[in-house]
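> Quick one, what's the 3D model for this:
(2 chains)
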Amino acid sequence: MNRIEILRFALRGLLANKLRSALTTLGILIGVAAVIMLVAVGEGSSRSIQQNIQRLGANTLTISPSFSGGGGGGVRGPSGGGGNTGPRTQARQLSLADAKALTDRTLAPSVKSVSPIVNAPSATAAYGAASHTIAHFVGTYPSYFEAVNKPVSEGTYFFNDDVLAARKVVVLGRTVAGELFGDADPIGRRISVSGVPFTVVGVLKASGSTGMQDADDVAVAPLPAVQQSLSGFGPLGQIVVQATGAGTTTTAQAEVTAILNQRHGITNDNPDYRILNQATLQETVSEATGTFTVLLGAVAAISLLVGGIGITNIMLVTVTERTREIGIRKAIGAPRSAILGQFLMEATLLSLVGGLSGVLVAFVGTRFSVAGIEPVLVPSSVVLALGVSLAIGLFFGSYPANRAAKLRPIQALRDE
Amino acid sequence: MTVQEESPAPVLRVRDLVKEYGEGDARVRALRGVSLDVERGDYVAVMGASGSGKSTLMNILGCLDVPTSGTYLIDGADAGRLDEHQLAVLRNRRVGFVFQSFNLIPRMSALANVELPLVYGGIPQAARRERALAALEQVGLTDRVHHEPNQLSGGQQQRVAVARALVTAPALLLADEPTGNLDTASTGDVLEIMDRLSASGRTIVLITHEDDVAAHAKRVIRLVDGEVVEDRRQAPVDGPPPRLPQGEDAA
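Alright, predicted model coming up:
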């Protein structure tokens, strides 16, 4: 009685009831495919989020004003000032002078470039009959394009000269260009933004939508031009600081903090600005998406377990149904090991075939994007799911197989 | 083929075999101390009404069941002292079993059914096929080897079962009412095969409640209420069975 004979008996046993075997296999198939695909979707979404973060700009710090900081925002001490915590009467906004101070090479050697930003409120662009409300109309310096990773695909950026001369030129995002010009070439055309004429010099490369927001619904113009015509010479909306490299973002953050604390006169741990560090953000997000992936995997693992219980169930039915056959086999001299082997092999075959076809389905399934997420196959999940399905076959099959092997021949033969 | 010389140990030696079923008030004594020897080459018919314990005796002789007490030696080996694996080997090599209800495995061809004991005996495939075909030829089913049990008549199924019992060349052929489910013609076929096997020296123990069937045996044992009440010899152990068809006397 060798392995090949046992395998043949097992195959014959499974093929005798094709529909039942197929349905049991389906249970394992779904479980394995679910594990692999959900982990792949989790991994894919985590990667796409990370890519989106990277698209926002590499090695950048985004400084924005914080009204809760310091003693600002009109929060006054009950004694009316001069209290021992020394609250300031007003939180300071970010100014152009702050931005200029950050470019100091000796105080901030890790800073590569500084781009002050103002946002024009509700800018409506019009060209001929077409009009479009731009979600983000940004006034800034040319270094902004590199810092936030927005290359142009047509035309050019604007330059420092344009900034100094406050020329009314604009680089449009792909969505804005499409809305205003359709398929026509927008370079060199004049559009009016809230009544102020701007000349289009370039169009940004499409960067795709980031979840809810359309990252291409933007327009970028020189800072003074926007201040003069649209936003006024108020405080800055943000300052984008690019560090010299991936390793220096933390140092750059410390330098920026020191300079701003000094300029804003902040002594406690409650500054009137916030620094968003791209690197820390990325870490936090990947932690969160990691948890998400584990959660998905756990849900899928449960379905794999259910599939395993399905195998036990079917094998128990099979053993009960074939009790007489087991009795005959024993009466003509089948040793216990042969019966055990046959039923264990049947269970293992069910789970193995289910597992392999599950992997196949998962391979096909992960080629399609799910809800805008490109699934990424994780090899370890494939190995794990297959291994677990095989183990399930052995584990859940062993109980019915043992029951079959333990049957006394005379009892088994009397079974009708 | 000549009748084998008598070996010192009988094929079967049964001493004080007792089998009880159930507990307490519901206890039934199916066998109440049966002792018997069966010589090599003998053809024994065990007779008795239903409930006389003949099937119980048969199951114990075939190592399918264990006695409550008493000893049972088959081919010199004490069945009571064997472990489960040794019992499986014994069932495989020394005993061939023919059941009243044929007990072929469905959805397997006649050939595969006959090969099955050899598979468990670890015989290589080529030798297996050859021996199975030879056994099927012995029972006259050469033209039905690839039919499945449900494509065969009752008589043919029982002949396949006889071939399956013979294929391992067992020391003992046990038949539990082999003709109980068969019509007259098929009964004749099967009994003729049994006679021929006996003539060729095979040891056979057969259970029946029909006198016609028992008339084929060399020795008739009658059981009543789990006890042997009659042990009658109809023909010598080393001679041909009494009803062997003329011209086929193997002695």
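> Quick one: name the residues of chain B near chain A.
B:59, B:62, B:64-65, B:84-85, B:88-93, B:97, B:99, B:103-108, B:116-117, B:119-122, B:164, B:168 (C-beta under 8 Å from any C-beta of the partner chain). C-betas here are computed from N, CA, C, even on glycine.
> which among the residues you listed end up buried?
Neighbour counting with 16 or more other C-beta atoms under 10 Å in any protein chain shown marks B:59, B:62, B:64-65, B:88-93, B:97, B:99, B:103-105, B:108, B:116-117, B:119-121, B:164, B:168 as buried within the residues of chain B next to chain A.
> Restricted to helices, list those residues.
B:59, B:88, B:89, B:90, B:91, B:92, B:93, B:116, B:117, B:119, B:120, B:164 (DSSP state H).
> farthest pair in the residues you listed?
B:59 and B:119 (23.5 Å; C-beta to C-beta).
> which among the ones in helices among the buried ones among the residues of chain B next to chain A gets closest to residue A:219?
residue B:119 (81.4 Å).
> Do I have it right that that closest one meets residue A:5?
Yes: applying C-beta atoms under 8 Å, one finds residue B:119 in contact with residue A:5, separated by 5.4 Å.
> Count the residues that sit near residue A:285.
Counted with other C-beta atoms under 10 Å in any protein chain shown, the neighbours of residue A:285 add up to 15.
> ok, now residue B:225?
14.
> Relative to residue B:37, how far out is it?
22 Å (C-beta to C-beta, to the nearest Å).
> Could you do residue A:192 as well?
Applying C-beta to C-beta to residue A:192 and residue B:37 gives a distance of 121 Å.
> So which residues of chain A form helices?
Going by DSSP H, chain A shows helices at A:3-15, A:18-55, A:96-102, A:143-147, A:160-164, A:174-181, A:223-226, A:249-264, A:278-321, A:323-331, A:336-365, A:379-406, A:409-414.
> Relative to the whole chain's centre, how far out is the second one?
Its chain's C-alpha centre and that of helix A:18-55 lie 16 Å apart, by C-alpha atoms, centre = their mean, to the nearest Å.
> Tell me which other helices or strands that helix touches.
With contacts defined as 3 or more C-beta pairs under 8 Å, 6 or more residues apart in numbering or on different chains; DSSP states H and E, the packing partners of helix A:18-55 are helix A:278-321, helix A:336-365, helix A:379-406.
> need those helices in CSV with mean pLDDT and distance to residue B:216, can you?
As requested, the helices and strands packed on helix A:18-55 are exported to CSV (pLDDT from 0 to 100; distance: least, C-beta to C-beta, whole Å):
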stretch, mean pLDDT, distance to residue B:216
helix A:278-321, 82, 38
helix A:336-365, 88, 35
helix A:379-406, 84, 38
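> among those helices, which is nearest chain B?
Taking C-beta to the nearest C-beta, helix A:336-365 is the member of those nearest to chain B, at 5.9 Å.
> Name the residues of that closest one that are buried.
In helix A:336-365, counting by 16+ other C-beta under 10 Å, buried: A:336, A:338-359, A:361-362, A:365.
> show me the biggest helix of chain B in terms of residues.
Chain B, longest helix under DSSP H: helix B:184-199.
> which residues touch residue 27?
Defaulting to chain A. Counting by C-beta atoms under 8 Å, 6 or more residues apart in numbering or on different chains, residue A:27 touches A:306, A:307, A:310, A:311, A:354.
> The intended chain is chain B.
B:20, B:21 are the contacts of residue B:27 under C-beta under 8 Å, 6+ apart.
> what about the residue nearest to residue A:126 when sequence neighbours are not counted, distance to residue A:157?
Leaving aside its sequence neighbours, residue A:126 sits nearest to residue A:192 (C-beta to C-beta, 6 or more residues apart in numbering or on different chains; 5.0 Å). Counting by C-beta to C-beta, the gap from residue A:192 to residue A:157 is 22 Å.
> Neighbour count: these two, which is higher?
Legend: neighbour count by other C-beta under 10 Å for residue A:192 and residue A:157, higher for residue A:157 (19 against 14).
> Looking at that one now. What's its pLDDT?
As predicted, residue A:157 sits at a pLDDT of 84.
> repeat for residue B:57
On the pLDDT scale, residue B:57 is placed at 89.
> Helix or strand: which one has it?
Taking DSSP states H and E as the definition, residue B:57 sits inside helix B:54-61.
> Any idea how many residues pack against the residue of the stretch 51-200 of chain A found nearest chain B?
As assessed by C-beta to the nearest C-beta, chain B sits closest to residue A:51 within the stretch 51-200 of chain A, at 57.1 Å. By the measure other C-beta under 10 Å, the count of residues near residue A:51 is 13.
> quick one: it from residue A:373, how far?
Residue A:51 is 11 Å from residue A:373, by C-beta to C-beta.
> Same check on residue B:38?
As judged by C-beta to C-beta, residue B:38 and residue A:373 stand 79 Å apart.
> of those two, who's got more company?
Neighbour totals were compared for residue B:38 and residue A:373, and residue B:38 leads with 22 against 17 (other C-beta under 10 Å).
> Quickly list what the nearest residue to the more buried one once chain neighbours are set aside is bridged to.
Nearest residue to residue B:38, sequence neighbours excluded (C-beta to C-beta, 6+ apart): residue B:12, at 4.0 Å. Following DSSP bridges, residue B:12 is listed with bridge partners residue B:38, residue B:74.
> Need the pLDDT of residue B:12.
At residue B:12, pLDDT is 88.
> try residue B:133
Listed pLDDT for residue B:133 reads 92.
> my read: it touches residue B:144, true?
No: Residue B:133 lies out of contact with residue B:144 (C-beta under 8 Å); the separation is 11.6 Å.
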